[in-house]
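> Can you look at this prediction? I've put the sequence above it.
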Amino acid sequence: MDIHHKLERGLGQRQIEMIAIGGCIGTGLFMGSGKTISIAGPSIILIYAIIGCILYLVMRAMGELLLYNLDYKSFVDFSEDILGPSAGFFVGWSYWFAWIVAAIAEIIAITGYISFWWPDLPHWISALTVIIFLLTLNILSVKAFGELEFWMAIIKVVAIISLIVLGLYLCITSFVSPSGVKAHISNLWSYGGFFPNGVSGLLGGLQTAIFAFAGMEIIGTMMAETKDPKKMLPDAINKIPVRIMIFYIGTVAVLMMVTPWRDISPDQSPFVGMFSLVGMLSAASIINAVVISSATSSSNSGIYATSRMVYGLAKHHHAPPIFGRLSSHKIPTGGIFLGTGLVLSVSLVLTTTQSMMGAFELVGSVAALIFIYIWSMILFAYLAYRKRLPQAHDESEFKMPLSKIMPYVALAFFVIVIFALGLSDSTRIALYILPLWFLFLSAFYWLKTRNSAHQKMLITDFKRKVSDQNVAAAEYRAKSS
């Protein structure tokens with residue numbers, strides 16, 4: 001290995017787009033949507049629309065910051081540069097931890113999917129097989145990784161579009177399942193209305209739906225490996241609303257038109273359950289294979305993100321130097337082995353829980369809460385950027401829409417989601433785990449920096465830079481007025 005190698009810019013436009021899709025369309029949608037539908041009913045459509053709008057704005061803020069300075073390789077870089085050295089440390093390690101936890105949730109779901117075919121197969125065997133596969137996949141060159149991920153993401157996109165088309169066909173032909181269920185658009189409001197469980201259903205749906213969107217920000221970790229970031233990043237971000245309309249809103253709407261929401265089981269994938277309910281068992285088996293591929297794709301994106309994140313942390317002296325080394329294929333293998341090794345802990349989770357969905361919900365809620373922290377830090381960095389660098393914002397070609405008020409709206413929304421997480425016993429535990437994580441990080445950061453002359457110099461330089469930027473910002477505003 002040569003520590004002087006740089007990450008290879010081997011990811012093209014089509015690969016970036018499909019990796020972005022693969023990262024944010026995974027188990028949270030394919031498996032978790034069943035639980036969300038059972039809580040919120042048809043109002044899940046509104047929930048997905050609201051979350052999608054908020055996170056699109058967060059991604060626009062992230063995109064503006066990344067394009068402001070092309071030396072930024074991820075949101076960790078601009079967090080450190082704009083909010084200070086400690087922010088880079090906390091954001092970087094928290095994002096790494098979030099994807100480790102998310103990958104565990106994906107593996108839990110995959111073992112549940114495999115049980116659809118082989119109910120007697122021990123869960124740890126399924127988990128170990130998938131983890132070995134992910135390790136092998138990630139130690140290839142980034143170009144090979146991007147190509148494989150492209151085709152895995154294609155599978156889920158084709159499957160979702162096929163499901164929507166088939167569901168619409170069943171509705172148009174008024175298909176009646178063997179159990180007497182008629183597929184029709186009226187199923188969206190015929191069983192208690194669009195809001196069958198009222199406000200409590202909306203809040204309950206928020207706490208389970210938020211994890212379905214985790215991973216949308218992964219495009220912000222690929223800047224160092226994209227061929228043309230000034231073109232690719234805006235293009236990938238601007239396509240987010242269309243993806244949400246098709247892959248989230250369109251999918252769950254069709255599911256509930258074919259199968260009344262009250263008949264959708266919270267303990268299994270509604271995608272598989274829909275085909276089973278209408279008597280198409282062979283199609284259910286095919287969809288099960290697709291959701292396994294989807295979850296594998298999403299967890300694969302997670303391993304990618306964690307390895308690049310710990311590589312960046314090492315370059316900023318926030319992680320041991322070994323994680324800043326690259327293989328002959330320009331791959332941060334140290335971070336890959338660390339991530340996959342920790343995900344092996346999923347075997348312990350799987351063998352000590354009686355409920356697969358319960359384990360998934362617990363791990364997913366912890367990951368979701370950490371992702372909320374990451375998204376919030378992106379917004380805090382953006383607010384600081386607008387205040388201290390008004391000229392850069394005015395000259396940006398990729399401004400965040402409604403940038404004066406929407407960061408505050410998004411932050412207020414995240415507060416509501418955190419409140420919703422505290423309403424359920426199954427998700428409230430995540431609120432206790434997160435403070436423990438930050439206490440651990442604080443102790444780690446204190447030990448790392450207490451006698452570090454380099455760290456003290458960084459803090460001094462950061463304070464001086466902020467002071468200079470504030471003076472320059474005041475002068476620019478005075479000239480502009």
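Done, it's in. Residues are numbered from 1 along each chain as shown.
> Which parts of the stretch 51-200 of the chain are strands?
Secondary structure of the stretch 51-200 of the chain (DSSP state E, counting those that start in this stretch): no strands present.
> I'd assumed residue 57 was in contact with residue 410.
Yes. If you go by Cβ atoms under 8 Å, residue 410 and residue 57 touch, sitting 5.8 Å apart. (Each C-beta comes from the backbone N, C-alpha and C, glycine too.)
> Point out where the protein drops to low pLDDT.
Scanning the chain for pLDDT under 70 picks out 1-28, 31, 141-145, 179, 221-227, 275-281, 346-359.
> Can you name the next helix or strand after the helix ranked longest in it?
Criterion DSSP state H: the longest helix present in the chain is helix 281-315. Next helix or strand after helix 281-315 toward the C-terminus (DSSP states H and E): helix 333-343.
> List the buried residues in that next one.
Residues 333, 334, 335, 336, 338, 339, 340, 342, 343 are the ones in helix 333-343 that count as buried (16 or more other Cβ atoms under 10 Å).
> swap in stretch 108-123?
108, 109, 110, 111, 112, 113, 114, 115, 116, 123.
> Among those, which pair sits farthest apart?
Maximum pairwise distance among the buried residues of stretch 108-123 (Cβ to Cβ): 14.2 Å, between 108 and 116.
> residues touching the residue nearest to residue 337 when sequence neighbours are not counted, list them.
Spatially, and ignoring its direct neighbours in sequence, residue 337 is nearest to residue 135 (7.5 Å; Cβ to Cβ, 6 or more residues apart in numbering). The contact partners of residue 135, taken as Cβ atoms under 8 Å, 6 or more residues apart in numbering, are 303, 336, 337, 340.
> So for the host helix or strand of residue 458, what gets flagged as buried?
Taking DSSP H and E as the criterion, residue 458 maps to helix 453-480. Using 16+ other Cβ under 10 Å as the test for burial, helix 453-480 gives 455, 458, 462, 469, 473.
> same for that helix, what does it pack against?
Under the contact criterion of 3 or more Cβ pairs under 8 Å, 6 or more residues apart in numbering; DSSP states H and E, helix 453-480 touches helix 85-114, helix 356-388, helix 390-395, helix 425-449.
> quick one, that helix and helix 425-449 angle?
Counting by axes from the mean of the first three to the mean of the last three Cα atoms, to 10 degrees, helix 453-480 lies at 110 degrees to helix 425-449.
> okay, now the spatially closest residue to residue 161 that is not a sequence neighbour: neighbour count?
For residue 161, ignoring the flanking residues on the chain, the nearest one in space by Cβ to Cβ, 6+ apart is residue 246 at 7.3 Å. Using other Cβ atoms under 10 Å, residue 246 has 15 other residues around it.
> Identify the spatial nearest neighbour of residue 320, chain neighbours not counted.
That would be residue 314: by Cβ to Cβ, 6+ apart, it lies 6.6 Å from residue 320.
> how much space between the one you found and residue 402?
Distance of residue 314 to residue 402, given as Cβ to Cβ, to the nearest Å: 37 Å.
> ditto for residue 88
Separation of residue 88 from residue 402 (Cβ to Cβ): 28 Å.
> Among those two, which residue is more densely surrounded?
Shown here are residue 88 and residue 402; by other Cβ under 10 Å, residue 88 has more neighbours (25 against 11).
> hang on, that one packs against residue 80?
Yes. The pair residue 88 and residue 80 passes the contact test of Cβ under 8 Å, sitting 2.7 Å apart.
> Mutual contacts of these two, please.
Both residue 88 and residue 80 are contacted by residue 316, under the criterion Cβ under 8 Å, 6+ apart.
> Report the distance from stretch 56-72 to the chain centre.
Relative to the chain's own centre, stretch 56-72 is displaced by 17 Å; criterion: Cα atoms, centre = their mean, to the nearest Å.
> Please apply the same query to stretch 412-426.
Offset of stretch 412-426 from its chain centre (Cα atoms, centre = their mean): 18 Å.
> Touching it from outside, list them.
So stretch 412-426 is in contact with 50, 54, 200, 203-204, 206-207, 210, 358, 361-362, 365, 368-369, 372, 375-376, 427-428, 430-431, going by Cβ under 8 Å, 6+ apart.
> sorry, back to before: show me the one of the helices and strands packed on helix 453-480 that comes nearest residue 230.
For the helices and strands packed on helix 453-480, the distance to residue 230 is smallest for helix 390-395, at 13.9 Å, taking Cβ to Cβ.
> Show me what that closest one is packed against.
Helices and strands touching helix 390-395, by 3+ Cβ pairs under 8 Å, 6+ apart, are helix 356-388, helix 453-480.
> repeat that for 10 Å
Other elements packing on helix 390-395 under the criterion 3 or more Cβ pairs under 10 Å, 6 or more residues apart in numbering; DSSP states H and E are helix 44-68, helix 356-388, helix 453-480.
> Just send these back as a markdown table, with distance to residue 269 too.
Output for these, formatted as a markdown table (distance: least, Cβ to Cβ, whole Å):
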| stretch | distance to residue 269 |
| --- | --- |
| helix 44-68 | 15 |
| helix 356-388 | 10 |
| helix 453-480 | 47 |
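> So for residue 395, which of these sits nearest?
Comparing these by Cβ to Cβ, helix 44-68 comes nearest, at 9.1 Å.
> how about that closest one: buried residues?
For helix 44-68, the neighbour count (16+ other Cβ under 10 Å) marks 44-45, 47-48, 51-68 as buried.
> Mutual contacts of residue 410 and residue 57, please.
375, 379, 382 (Cβ atoms under 10 Å, 6 or more residues apart in numbering).
> Go through the residues you listed and say which is closest to residue 174.
Among those, and counting by Cβ to Cβ, the member closest to residue 174 is residue 375, at 42.4 Å.
> Tell me who's in contact with that closest one.
54-55, 57-59, 61-62, 75, 210, 213-214, 216-217, 410-411, 413-414.
> likewise residue 255?
Contacts for residue 255 were tallied using Cβ under 10 Å, 6+ apart; they are 33-34, 37, 44, 163-164, 167, 187, 261, 264, 270-271, 273-274.
> mind redoing it with 7 Å?
By Cβ atoms under 7 Å, 6 or more residues apart in numbering, the residues touching residue 255 are 167, 270, 274.
> repeat for residue 309
Shown in contact with residue 309 (Cβ under 7 Å, 6+ apart): 76, 92, 95, 96, 221.
> quick one: it and residue 287, what's the gap?
Per Cβ to Cβ, residue 309 is found 32 Å from residue 287.
> can you check residue 402 too?
Distance of residue 402 to residue 287, computed by Cβ to Cβ: 39 Å.
> Also residue 54?
From residue 54 to residue 287 the distance is 29 Å (Cβ to Cβ).
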